[in-house]
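Colleague: Got a sequence here, can you model it:
(chains A, B, C and D)
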Protein chains: 2
Amino acid sequence: MIREACPTLAPQRREHIRLLVRESGVARVEDLRRELKVSVATIRRDLEVLEEEGKVRRVHGGAVSTENRLDEAVFDDKTNQFSKQKRAIAEEAYQLIGQEESLFLDGGSTTLCLARLLKNRNDLTVVTNSLRAAAELANSEPRVILTGGELRKISQTMVGPLTSAVLSQVRVDRAFMGTMGFCLKNGLTTTDPNEAFVKGLVAEQAVQVVLLADSSKAEKVSFARVSDWDKVDILVSDQNLPPIFTKSLPKRGLKVCVV
Amino acid sequence: MIREACPTLAPQRREHIRLLVRESGVARVEDLRRELKVSVATIRRDLEVLEEEGKVRRVHGGAVSTENRLDEAVFDDKTNQFSKQKRAIAEEAYQLIGQEESLFLDGGSTTLCLARLLKNRNDLTVVTNSLRAAAELANSEPRVILTGGELRKISQTMVGPLTSAVLSQVRVDRAFMGTMGFCLKNGLTTTDPNEAFVKGLVAEQAVQVVLLADSSKAEKVSFARVSDWDKVDILVSDQNLPPIFTKSLPKRGLKVCVV
DNA sequence: TTGTTTTTGATCGTTTTTGATGGAATTGCA
DNA sequence: TGCAATTCCATCAAAAACGATCAAAAACAA
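Modeller: Numbers count the residues shown, from 1 in each chain, chains lettered A, B, ... in the order given. As a prediction, the model looks like this:
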């Protein structure tokens, strides 16, 4: 028998190879053959295509990764670390959204979870300075507007004067924001001043500001001041949120949702 | 019997297919046939329609989801068909770039190839309205500035007044641009007026404008006027470029590179 | 009803993909 | 360096998938 029915589509198989190569940095043809149950000829042809696309670089015996694995791993780790809580928080936040609204999403893994939930909503306009959120929504229903600006690689967000210029031209019904830390005294803080400035600007202009922050951020203080509590309308967090917040914040006019 | 009563309406069946494809990311024609109890011919016709609508992307043996996967460098079959040429054009264009320059990259597969070549250059500033180019450079060396604006899903580029506003604030040494079509009489044309406007704006402001266009674009005229030849400084194309261009354009002050 | 259009399924020649084979190239080791 | 083992590449044949085409059935209009 020369050939049996192909169980997987070629692009799917190639994607599999790409992931395997990226995961361990290298992959041997022979290992890929065993893993994917196809002939070495097919593996080689796939590697050829992937090299053409710039996804891997071929070497004698296999292929090595061309993608910068480290950066992505850092971000993905962060995405997974508290993913249960974060997803729950994102789902709660999603409930706040009405019809035909315009939203802002900033960078961060929780807002990225929220972005995923918006994919099938064709009535929304989503403004974001997060490249990841934009990528997530790039082929889905909502209207997407990017703020532009200089790309801050570590957070994959756009910041700086160009970002501010665009933000001054738009207004959103609801802004969903993350933060690196929050406490009663200092309000919201984050590591990067540029990032903080953008968040502050959005907080000024949004009709409603929703802070998405799991309890691990509580009582943390970071370098750059984002805004005080009076700019925030709703805090969505998890059950481990220290009671002091659920007590104090409502007195200051905030609504606190714990999931 | 040639045909039995159609149990489901065609749009309903296509929606079913769309959901199946989106759910698992891929679907084989054979599986869809079993699932939907129609002939493979019908499945293929449905996939053709869905591809036309941008809902799925057809591949040999079935279809894959178009959602997610920004890093999939494949817009359509054209990308693969001319990829050798496009990469050669991009490599030629890369030679034009000096030290410490600021560049603009617009949307399109050839400029995306070029973006890939810039990954290890830490002396460059890259301005782009292409989400794909930005994603490609998101974890690499060059400084990246996104223009912002409304995301045009079909081309994955940012366009509109917000884009214009940001572009008016920056100046680049070299702009690399693609086009849907070019001819001596009408200059550069593309399908979307918004896209054309952005390109035109960039052409005005860049010190040097480099047009990256393989020969398949020659003598094609599209709907929206981008700019006339006098805005373009260099055309990089392939050997199949009709001789009329290599003759006429230098007389109009352009340099023509054929790879 | 009758005639027309649309949709579906079958057929057939063509294209694409895959696996095997044999010779060339590369690597590792003495 | 020389030699053996492995890996690569070009080529070919089989199988699967594809596209074009046509005919039957259904839906539709008059």
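
Colleague: Does stretch A:15-32 reach DNA strand C?
Modeller: No: applying Cβ under 7 Å from any atom of the strand, one finds stretch A:15-32 separated from DNA strand C by no less than 11.1 Å. All C-beta spots, glycine's among them, are computed from the backbone N, C-alpha and C.

Colleague: nope, stretch A:38-54 is what I meant
Modeller: Yes: with Cβ under 7 Å from any atom of the strand as the measure, stretch A:38-54 is seen reaching DNA strand C through A:38-39, A:41-42, A:45.

Colleague: Which one of the residues you listed is nearest to B:S215?
Modeller: A:R45 (27.1 Å; Cβ to Cβ).

Colleague: Just the buried subset of the residues of stretch A:38-54 next to DNA strand C, please.
Modeller: Applying 16 or more other Cβ atoms under 10 Å in any protein chain shown to the residues of stretch A:38-54 next to DNA strand C, the neighbour count classes A:38, A:42 as buried.

Colleague: Now tabulate the residues of stretch A:38-54 next to DNA strand C in JSON lines and tack on secondary structure and pLDDT.
Modeller: Output for those, formatted as JSON lines (DSSP: H, G, I helix; E, B strand; the rest coil; pLDDT from 0 to 100):
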{"residue": "A:V38", "secondary structure": "coil", "pLDDT": "94"}
{"residue": "A:S39", "secondary structure": "coil", "pLDDT": "94"}
{"residue": "A:A41", "secondary structure": "helix", "pLDDT": "95"}
{"residue": "A:T42", "secondary structure": "helix", "pLDDT": "96"}
{"residue": "A:R45", "secondary structure": "helix", "pLDDT": "95"}
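
Colleague: so how many other residues sit close to whatever residue of the stretch 51-200 of chain A ends up closest to DNA strand C?
Modeller: Per Cβ to the nearest atom of the strand, A:H60 is where the stretch 51-200 of chain A lies closest to DNA strand C, at 4.1 Å. By the measure other Cβ atoms under 10 Å in any protein chain shown, the count of residues near A:H60 is 5.

Colleague: now A:P243
Modeller: The burial count for A:P243: 7, using other Cβ under 10 Å.

Colleague: Model confidence at it, what's the number?
Modeller: Per-residue pLDDT puts A:P243 at 94.

Colleague: what about it, distance to B:V232?
Modeller: 66 Å (Cβ to Cβ, to the nearest Å).

Colleague: give the contact list for the residue of the stretch 51-200 of chain A closest to DNA strand C.
Modeller: By Cβ atoms under 8 Å, 6 or more residues apart in numbering or on different chains, the contact set of A:H60 is empty.

Colleague: gap between it and B:R33?
Modeller: On the measure of Cβ to Cβ, A:H60 and B:R33 end up 42 Å apart.

Colleague: same question, A:L131
Modeller: 39 Å.

Colleague: Ok, A:S222 next?
Modeller: Taken as Cβ to Cβ, the span from A:S222 to B:R33 is 56 Å.

Colleague: Between these two, which is the more surrounded one?
Modeller: A:S222 (19 against 16).

Colleague: Please report how far that one lies from chain B.
Modeller: 23 Å (Cβ to the nearest Cβ, to the nearest Å).

Colleague: Just want the phi and psi numbers for that residue.
Modeller: Main-chain torsions, A:S222, degrees, to the nearest 10: phi -110, psi -170.

Colleague: A:T191 is in contact with that one, correct?
Modeller: Yes: counting by Cβ atoms under 8 Å, A:S222 touches A:T191, with 5.2 Å between them.

Colleague: what is in contact with the two at once?
Modeller: With Cβ under 8 Å, 6+ apart, A:S222 and A:T191 have common neighbours A:M180.

Colleague: so how many other residues sit close to A:A90?
Modeller: 24.

Colleague: ok, then the element right after the helix or strand of chain A with the lowest mean pLDDT?
Modeller: Across the helices and strands of chain A, the lowest-confidence element by mean pLDDT, DSSP states H and E is helix A:69-81, at a mean of 44. Later in the chain than helix A:69-81, the nearest helix or strand by DSSP states H and E is helix A:83-95.

Colleague: Please work out which residues outside whatever helix or strand comes next after that next one touch it.
Modeller: For helix A:83-95, the following helix or strand on the C-terminal side (DSSP H and E) is strand A:102-105. The contact list for strand A:102-105, computed with Cβ under 8 Å, 6+ apart, reads A:97, A:111, A:114-115, A:118, A:124-128, A:130, A:133, A:170-177, A:202, A:206.

Colleague: any idea where the strands of the stretch 101-250 of chain A begin and end?
Modeller: Using DSSP state E, counting those that start in this stretch, the strands found in the stretch 101-250 of chain A span residues A:102-105, A:125-128, A:143-146, A:149-152, A:157-159, A:174-177, A:181-183, A:187-190, A:208-212, A:224-227, A:234-237.

Colleague: now those as TSV including mean pLDDT and distance to DNA strand C?
Modeller: As requested, these are exported to TSV (pLDDT from 0 to 100; distance: least, Cβ to the nearest atom of the strand, whole Å):
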stretch	mean pLDDT	distance to DNA strand C
strand A:102-105	97	37
strand A:125-128	97	34
strand A:143-146	97	30
strand A:149-152	96	35
strand A:157-159	96	38
strand A:174-177	96	41
strand A:181-183	94	50
strand A:187-190	94	47
strand A:208-212	97	43
strand A:224-227	93	50
strand A:234-237	96	46
